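> Would you be able to build a 3D model of this:
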Amino acid sequence: MNKKPIVAGNWKMNKVPSETKIYTDTILDLVGHVKSVSVILAPPFTGLFEMSVEPPFYSAAQNCHWEDSGAFTGEISINMIKDLSISYIIVGHSERRQIFNESNDWINKKVRSIITNDLKVILCVGETSNERKSGETEIVIKNQIEKGLKSISDISNVIIAYEPVWAIGTGDTASAKQIEAAHSFIRNTVRDNYDKRNDIHILYGGSVNSTNAKELIQINGVDGFLIGGASLDANSFASIIKIVDLV
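Prediction:
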């Protein structure tokens, strides 16, 4: 692998603040010595107050609003996130797109605001089961990338996470051939639209666990993982980090 891999854990709506501190302390005890992998922890907003980590460990928010402030009840601004010394923000997760009906336009506004505020964005893209069965995988991914990164000239602070929606939380994992093809298409799409020399991280997210991590991380084009369920257990997550650290 020609770049330092990333293992990111998206806890979604799990763990109360007190659990966040216990979990973080456990992870640091288990894998605090790693040097060849960057680890990103994304608890719920309330957990960010209890998380204090240093490189190669980083914290991330799971979402944000693009406005600095205003009458947006229930929303969290990037300024609020930035004040907690958070490094990354996840946007465009399939659950945000499907459950909360977030459009590519909204996602693009968030991406532009994150970049403007000198933070790093993890942009999630991926197709549903019906879209894959209809042969629309590349059309969907291309559309999500181009619209999500519209008006962004510098993508050095952008990470893309490919998450086939049909493989999230289902126990199903895309085949090595499917993953390699998707990652290759994403990289070519990025290079066609941006600096051809820019080699951004492309993570895989789709039912990654300690059993399949070794095989998945060796797939050409996979620069790490965005992990959901398997990141909730510290021992499970630590085992994945160790696997990637040894690659």
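> alpha carbons only for contacts and neighbour counts from here, please
Noted.
> Check which helices and strands the longest helix along the chain is in contact with.
Within the chain, and with DSSP state H defining each element, the longest helix by residue count is helix 176-193. Packed against helix 176-193 by the contact rule (3 or more C-alpha pairs under 8 Å, 6 or more residues apart in numbering; DSSP states H and E) you find helix 137-148, strand 202-204.
> So for the very next helix or strand once past the longest one, mean pLDDT?
By that I understand helix 137-148. Per DSSP states H and E, the first helix or strand lying C-terminal to helix 137-148 is strand 158-162. Here strand 158-162 scores 97 as its mean pLDDT.
> what is the orientation angle of strand 158-162 with helix 137-148?
150 degrees (axes from the mean of the first three to the mean of the last three C-alpha atoms, to 10 degrees).
> Which strands and helices lie in contact with strand 158-162?
Using 3+ C-alpha pairs under 8 Å, 6+ apart, strand 158-162 sits against strand 120-125, strand 202-204.
> which residues are contacting the next helix or strand along the chain from the longest one?
As assigned by DSSP H and E, the chain's next helix or strand after strand 120-125 is helix 129-133. With C-alpha atoms under 8 Å, 6 or more residues apart in numbering as the contact definition, helix 129-133 has outside contacts at 137, 140, 164, 165, 166.
> Only the buried residues of the longest helix of the chain, if you could.
179, 180, 182, 183, 184, 185, 186, 187, 189, 190 (16 or more other C-alpha atoms under 10 Å).
> In terms of distance to residue 81, which of the residues you listed ranks first?
residue 190 (27.4 Å; C-alpha to C-alpha).
> per-residue confidence for that closest one?
Taking residue 190 on its own, its pLDDT is 93.
> quick one: it and residue 182, what's the gap?
According to C-alpha to C-alpha, to the nearest Å, residue 190 stands 12 Å off from residue 182.
> Same check on residue 165?
13 Å.
> Kindly report the same for residue 149.
For residue 149 relative to residue 182 (C-alpha to C-alpha), the value is 18 Å.
> and what of residue 231?
For residue 231, the distance to residue 182 - C-alpha to C-alpha - is 23 Å.
> can you check residue 56 too?
28 Å.
> So what's the residue count around residue 93?
Around residue 93 there are 21 other residues, counting by other C-alpha atoms under 10 Å.
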